[in-house]
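Visitor: I'd like to go over a predicted model; first the sequence, then the structure.
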Amino acid sequence: MSINRERDGDIAELVRRAKIGDPKAFDLMVDHYTPSLYRVVRRLASDQGEAEEIVQEAWLRAWRAFPRYKDDRPLINWLIRIAVNVARDRWRKKKPLDFADLGGSEVDVPDLDPGPEERLTRKQALERLVNGVERLPPKHRMVVALRYDAGHSYKEIADILGVPINTVRTHLHRAKSALRIWMEVEDE
Amino acid sequence: MNDWLDDLLEDMPSEPCPSDLAFLVQARLRKTRRRSKWINLGLRLGMVVASAVGLWLIIPWVEVFIENASPPYFSGIDVWLNAFINSPGGVLLDSIEIAFSWLSQIVAGFEAEFILALILLATPAFYGGALMLSSRESQEGAVA
């Protein structure tokens, strides 16, 4: 049975079965949600290996905590929250981690019009942007990943990270300010 | 309002998920489940053994307990109430003293064996209670 063809109702049924300890139902959820989870986690992690470890650890924690999962929030948000906690734990252990801070201060960079992407090929601009995101501090990378890779709203991001919505706005603003500088410098 | 950076961020490429990642997760989960199954089995077996040893240790003490636990002499509620009305402080102190001496009489007969038996019986009881509570919690969570 391909889980990708499952409808929402079937997912709800899988969640119900997994909650009462059905391992097959949980494994089907792993099939279904791992790619989405990996997409977000990969942006947070420093390399593919770390991303895979975070995803695996997140699923193990999810399995242990699953009886306590409440259906009032989407399962993917709950999983991402666990993965974010796993990532935070790893960073705490690894300290000090050398993340280049591209300027935490609130620098208001004027919007370039036309944007630098017009002078580069879009592919090159995207590659540079990815490099820039990799150099952001972890908390800024998290909001970027949740906003642009997972497509969450500010409120959802605040819920996942357990921070006020204004903190999300600030982190995203700082991340984008830093990325603008990065793109400009790279462009010169 | 979206600007060029938002536009780029939304289009940011990401590495595809390794095809075997879900399989690796499932393999680790299987290993974890197997291990916790064995741990639970061992714990349950341990609790059964503890209960059996506890019962075996406590049976000879039942008779001693019944003898020691015979309630103290009590003249009757009406007598006690009359005495309490006349001299509440003195009667209260007497009653506390009787209760304490009764308890110490019960405890005096016990030896380490008896205490060990109680611990051996109480541990499986608590473990069973905790299991029941957690299974009820997960069932309630499942139907919520």
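Guide: Alright, I've got the coordinates.
Visitor: pLDDT at whatever residue of chain B ends up closest to chain A, what is it?
Guide: Per C-beta to the nearest C-beta, B:W4 is where chain B lies closest to chain A, at 3.1 Å. C-beta: built from backbone N, CA, C; applies to glycine. B:W4 is assigned 84 on the pLDDT scale.
Visitor: Where does pLDDT dip in chain B?
Guide: Counting by pLDDT under 70, chain B shows low-confidence ranges at B:1-2, B:68-75, B:107-110, B:135-144.
Visitor: Please enumerate the helices of it.
Guide: Taking DSSP state H as the criterion, chain B carries its helices at B:4-10, B:21-68, B:77-86, B:88-108, B:112-143.
Visitor: Deepest-packed of these, please.
Guide: helix B:4-10 (a mean of 17; mean count of other C-beta atoms under 10 Å in any protein chain shown).
Visitor: Mind giving me the packing neighbours of that helix?
Guide: helix A:122-134, helix A:165-187 (3 or more C-beta pairs under 8 Å, 6 or more residues apart in numbering or on different chains; DSSP states H and E).
Visitor: Rebuild the ones you listed as a markdown table, extending it with distance to chain B and mean neighbour count.
Guide: Listed next are the helices and strands packed on helix B:4-10 as a markdown table, based on distance: least, C-beta to the nearest C-beta, whole Å; neighbours: other C-beta atoms under 10 Å in any protein chain shown:
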| stretch | distance to chain B | mean neighbour count |
| --- | --- | --- |
| helix A:122-134 | 5 | 17 |
| helix A:165-187 | 6 | 18 |
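Visitor: The ones you listed into CSV, with extra columns for mean pLDDT?
Guide: Formatted as CSV, the helices and strands packed on helix B:4-10 follow (pLDDT from 0 to 100):
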stretch, mean pLDDT
helix A:122-134, 87
helix A:165-187, 88
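Visitor: show me what contacts the residue lying closest to B:E10 once chain neighbours are set aside?
Guide: Among residues not flanking B:E10 along the chain, A:Y148 sits closest, at 5.6 Å (C-beta to C-beta, 6 or more residues apart in numbering or on different chains). Residues in contact with A:Y148 (C-beta atoms under 8 Å, 6 or more residues apart in numbering or on different chains) are B:L9, B:E10, B:M12.
Visitor: Packing partners of the helix or strand containing A:R16?
Guide: Secondary structure assigned from DSSP states H and E places A:R16 in helix A:8-19. Here helix A:8-19 touches helix A:23-44, helix B:112-143, going by 3+ C-beta pairs under 8 Å, 6+ apart.
Visitor: out of those, which comes closest to A:K70?
Guide: Ranking the helices and strands packed on helix A:8-19 by proximity to A:K70 (C-beta to C-beta) places helix B:112-143 first, at 7.4 Å.
Visitor: Could you check the angle the closest one makes with helix A:8-19?
Guide: Per axes from the mean of the first three to the mean of the last three C-alpha atoms, to 10 degrees, the angle that helix B:112-143 makes with helix A:8-19 is 180 degrees.
Visitor: Now do the contacts for the residue lying closest to B:L55 once chain neighbours are set aside.
Guide: Nearest residue to B:L55 in three dimensions, chain neighbours excluded: B:L121, at 7.0 Å (C-beta to C-beta, 6+ apart). Each residue near B:L121 by C-beta under 8 Å, 6+ apart is listed here: B:A50, B:S51, B:G54, B:L55, B:I58.
Visitor: Repeat that for A:P164.
Guide: Listed by C-beta under 8 Å, 6+ apart, the contact set of A:P164 reads A:A158.
Visitor: ok, it to A:T170 distance?
Guide: The gap separating A:P164 from A:T170 is 9 Å, by C-beta to C-beta, to the nearest Å.
Visitor: Now the common contact residues for those two.
Guide: What both A:P164 and A:T170 touch, as defined by C-beta under 8 Å, 6+ apart, is an empty set.
Visitor: what about the helix or strand containing A:E156 and chain B, touching?
Guide: Using DSSP H and E, the element containing A:E156 is helix A:154-161. No. Helix A:154-161 lies apart from chain B when judged by C-beta under 8 Å from any C-beta of the partner chain; the minimum separation is 13.6 Å.
Visitor: Can you tell me what sits against that helix?
Guide: A:73, A:77, A:80-81, A:84, A:142-143, A:146-147, A:152, A:164-165, A:167-169, A:172.
Visitor: tilt between that helix and helix A:165-187?
Guide: Angle, helix A:154-161 to helix A:165-187, by the same axes, to 10 degrees: 100 degrees.
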